[in-house]
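Asks: Mind looking at a prediction? Sequence and model below.
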Amino acid sequence: MKRNKVGLVLAILMVIIYSSNVKAQATYQDPYRPQVHFSPVAHWMNDPNGMVFYKGVYHLCYQYFPDASHWGPMHWGHATSKDLVHWNQEPIALYPDSLGFIFSGSAVADIHNTSGFGKNGQVPLVAIFTSHNAKGEQAGRNDFQNQSIAYSLDEGKTWTKYANNPVVKNPGIRDFRDPKVTWYEAGKKWIMTLATQDHVTFYASKNLKEWVKESEFGKELGSHGGVWECPDLFQLEYNGKSIWVLTVSMNPGAPNGGSGTQYFTGKFDGHQFVTDQKSTKWMDYGMDNYAGVTWSNTGKRVISLGWMSNWLYAGVVPTENWRGATTVPREISILKLKNDYYLTAKSVRELEILNDKKLALENVKADQLDLNQKIGGFSSPGRLSFSAKTLTSFSIILSNDAGENVVIGYDQDQHQYYTDRTHSGKTDFEKSFGGKAIAPRIAEKDGLDITLIFDKASVELFADKGLTAMTEIFFPNQPFNHIQLKTPAGYIIDKLEWNNLNSIWKK
Ligand code: FRU
């Protein structure tokens, strides 16, 4: 008895010491910690989930393992923001239950109370997610992923699981997950877009509880290098015409390896999605933007957010006390080029509240510009943008005193943007990490229009008004403190701006 008690006291002490250590270690001042991107204060995150805008608040849930910095039984972590920039950590929204782990999914504001969950005029927020039964998976079953719902009557503070879960039962497809639900106004019904192994399946419902299968899409279309995951369906306007967009994440098989997100443009009539698109198109050609989906209930604005990592190495990146962050929220629009539609992405305008302008130049001879000296030495986070009338090769080199660097550039002969993290510091945790990633230049017009957002351990490139995007993470042994812009001799840049960005976290 006595020995048991001593053992218990020791165990409790160890837990206290361990958890206080973790708290002391995981801070927003960690060397690689993003300063203008969301990451949970400690431990593992992957996909963004349950993104809904309601009463002036953006909700961001995410795949979360609260006990360690590696993937584990999934919960939905929860954060909120009033400006898409500063985030408050909220209590965990959804815990695993008897149906399984809480895998990816979406959330909607059920304004008309179609679900009947709302009482006394309350608007329920309804989360739709995959219940992943790990035991069923281990037992070799095929039906271990099913779709469930939960609702909140206090604007996302607490969530109640629906008593009759699951609401969509698995017909025997191993990869059957990541429901994204949207309101289809023309048919006054909800549409669920579900990733079902090598295609997408659409379901419809009047009340979010009973769903009927409508159609399938994509078995023979697009890229099939891996399993389809985390789809999304939304509308964009181009010259007064409504275009439907279907985005689908896929792992592996992305253009530069591992995880990536492709998209299709076409028509949706409430039952079926059709496209006449011939080529495969990607939301982002970098290695680190995955599982991105859009916020619901944002009116005509389409705002997307991805997980800034790649399943190739997400579990072994050298951050230890926390692992995983999001991209910056991006506003998605559409353009017509070469008789085809292409998406564009730019960081949301809200991010500009972080600007601390250090340099604005016009008509500069780029080869005579000492950018590093002009901005007083590179430090992240920061944003560089520049434009020129003629197109040319260029490169931007971030470096440190340890001789490490990251290069971002454009190769005119190849018509390709690229990022190169071969010498970026810690790369040996995974062989596919250190290397060059390339992206096609989609824009047809001459001229350069570049925006780069740098954080402590990432860069996001938006080229040609966001027609080509690339997102890359990196882990230098010392912070990069030098920046160089290289262009051909005599090259004139019309406009260049450098902003230090203020951190979104309280010091
Ligand atoms: C995508 C994904 C989803 C799944 C979740 C599990 O990154 O594999 O398909 O729901 O992560 O954490």
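Replies: Received, thanks. Numbering: from 1, shown residues only.

Asks: Count residues in the vicinity of Glu352, would you?
Replies: Using other C-beta atoms under 10 Å as the criterion, Glu352 is surrounded by 12 other residues. (Glycine included, C-beta is placed from N, CA and C.)

Asks: pretty sure it belongs to a helix, no?
Replies: Yes - when DSSP: H, G, I helix; E, B strand; the rest coil is applied, Glu352 is found to be in a helix.

Asks: I'd like the distance between it and the ligand.
Replies: Noted for Glu352: a distance of 30 Å to the ligand, by C-beta to the nearest ligand atom, to the nearest Å.

Asks: Check Ser347 too.
Replies: 22 Å.

Asks: Next up, the contacts around that residue.
Replies: Contacts here follow C-beta atoms under 8 Å, 6 or more residues apart in numbering; on that basis Ser347 touches Val328, Pro329, Arg330, Glu331, Thr451, Ile453, Glu460, Phe462.

Asks: Repeat that for Phe202.
Replies: Phe202 makes contacts with 191-194, 213-217, 233, 271-273, as judged by C-beta under 8 Å, 6+ apart.

Asks: buried subset of the residues you listed?
Replies: For the contacts of Phe202, a burial check counting by 16 or more other C-beta atoms under 10 Å picks out Ile191, Met192, Thr193, Leu194, Glu214, Phe217, Leu233, Phe273.

Asks: just the contacts of Ser347 that are near the ligand?
Replies: Taking C-beta under 6 Å from any ligand atom, there is no overlap between those and the neighbourhood of the ligand.

Asks: and which of those residues is nearest Tyr64?
Replies: Distance ranking of the contacts of Ser347 against Tyr64, using C-beta to C-beta, places Pro329 first at 18.7 Å.

Asks: Give the full set of residues in contact with His75.
Replies: Going by C-beta under 8 Å, 6+ apart, the list of residues near His75 reads Tyr64, Phe65, Pro66, Ile92, Ala93, Leu94, Tyr95, Pro96, Phe101, Ile102.

Asks: Ignoring the adjacent residues along the chain, who's closest to the spatially most central residue of the chain?
Replies: Within the chain, the residue whose C-alpha comes closest to the C-alpha centroid is Gly306; the distance, by C-alpha atoms, centre = their mean, is 0.5 Å. Nearest residue to Gly306, sequence neighbours excluded (C-beta to C-beta, 6 or more residues apart in numbering): Gly292, at 3.1 Å.

Asks: Which element, helix or strand, includes the residue of the stretch 251-400 of the chain found nearest the ligand?
Replies: Taking C-beta to the nearest ligand atom, the ligand has its nearest neighbour within the stretch 251-400 of the chain at Ala291, 4.4 Å off. Assigned by DSSP states H and E, Ala291 belongs to strand 290-294.

Asks: Show me what that strand is packed up against.
Replies: In terms of contact count using 3 or more C-beta pairs under 8 Å, 6 or more residues apart in numbering; DSSP states H and E, strand 290-294 is assigned the packing partners strand 43-54, strand 227-238, strand 241-251, strand 260-268, strand 303-307.

Asks: so where do the helices sit in the stretch 251-400 of the chain?
Replies: Counting by DSSP state H, counting those that start in this stretch, the stretch 251-400 of the chain forms helices over residues 371-374, given from the N-terminal end onward.

Asks: Close to the ligand: what parts of this structure are there?
Replies: Contact residues of the chain with respect to the ligand, defined by C-beta under 6 Å from any ligand atom, are listed as Asn46, Asp47, Gln63, Met74, Phe103, Ser104, Thr130, Arg177, Asp178, Glu229, Cys230, Ala291.

Asks: If you tally nearby residues, what's the number for the fifth one?
Replies: For Phe103, the neighbour count with other C-beta under 10 Å is 23.

Asks: repeat for the second one
Replies: By other C-beta under 10 Å, 26 other residues sit near Asp47.

Asks: so it makes contact with Tyr64?
Replies: No - in terms of C-beta atoms under 8 Å, Asp47 does not count as a neighbour of Tyr64; the distance is 9.8 Å.

Asks: and the residue of the stretch 151-300 of the chain nearest the ligand?
Replies: For the stretch 151-300 of the chain, C-beta to the nearest ligand atom, closest residue to the ligand: Glu229, 3.5 Å.

Asks: Now do the contacts for that residue.
Replies: The neighbourhood of Glu229, defined by C-beta under 8 Å, 6+ apart, consists of Ser104, Asp175, Arg177, Asp178, Ala195, Val248, Ser249, Met250, Asn251, Ala291.

Asks: How about Asn502?
Replies: By C-beta under 8 Å, 6+ apart, the neighbours of Asn502 are Leu354, Asp356.

Asks: Test my guess that the residue of the stretch 251-400 of the chain closest to the ligand contacts Thr247.
Replies: No - the pair Ala291 and Thr247 does not pass the contact test of C-beta under 8 Å, sitting 10.1 Å apart.

Asks: which residues are common contacts for those two?
Replies: The contact sets of Ala291 and Thr247 overlap at Thr261 (C-beta under 8 Å, 6+ apart).

Asks: Could you check the angle the helix or strand where Ala107 lies makes with strand 227-238?
Replies: Element membership for Ala107 (DSSP H and E) is strand 101-109. Orientation note: strand 101-109 sits at an angle of 10 degrees relative to strand 227-238 (axes from the mean of the first three to the mean of the last three C-alpha atoms, to 10 degrees).

Asks: Much appreciated, bye for now.
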